[in-house]
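Asks: Attaching a predicted model along with its sequence, questions to come.
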Amino acid sequence: MSSGVSAQAFEDAVAATTTALYRHAFSLGLSLNNRDSRCEADGEFVKFNPDGSEDLYCMGDDFKTEIFIRQLVPPGEGKWAYLQKSEIFEHA
């Protein structure tokens, strides 16, 4: 990279920042939204929840309403569930 940082160091820094953002949001009881391969239609997104669950939603026609489609992963089993099981909530 032109900044002199290796690609691996950059990826590690991005991963650490992303984890910190999810940790902080979950400590406040907030869910975070993102798109991944499970989103098939325009407007669909995955809601990553503080309880470690993941739900599929889509945006309503008014772009203000979130419409629940289905649960993708039960509580405690999602990609970010390990944050719930650690002591990070006490330190956020």
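Replies: Looks like it arrived, so ask away. Numbers count the residues shown, from 1 in each chain.
Asks: any idea how far R38 is from S6?
Replies: As judged by Cβ to Cβ, to the nearest Å, S6 and R38 stand 31 Å apart. Using the backbone N, CA and C atoms, a C-beta is placed for each residue, glycine as well.
Asks: Please disregard the earlier target; I meant C58.
Replies: 12 Å.
Asks: More neighbours: those two, which one.
Replies: Between C58 and R38, counted using other Cβ atoms under 10 Å, C58 has the larger neighbour count: 15 against 12.
Asks: Isn't the more buried one up against E44?
Replies: Yes: assessed by Cβ atoms under 8 Å, C58 is found in contact with E44 at 4.7 Å.
Asks: what sits in contact with each of the two?
Replies: Each of I69 lies in contact with both C58 and E44 under the rule Cβ atoms under 8 Å, 6 or more residues apart in numbering.
Asks: can you give me the helices in the protein?
Replies: All helices of the chain, identified by DSSP state H, fall at 7-27, 81-85, 88-91.
Asks: Buried residues in the second one, which are they?
Replies: Just to be clear, that refers to helix 81-85. By neighbour count on 16 or more other Cβ atoms under 10 Å, the buried set for helix 81-85 is 81, 83-84.
Asks: Name the residues that touch stretch 54-67?
Replies: 33, 38-39, 41, 43-49, 68-73, 78-79.
Asks: pLDDT of the longest strand anywhere in the chain, averaged?
Replies: Determined from DSSP state E, the single longest strand within the chain is strand 66-73. Computed over strand 66-73, the mean pLDDT rounds to 97.
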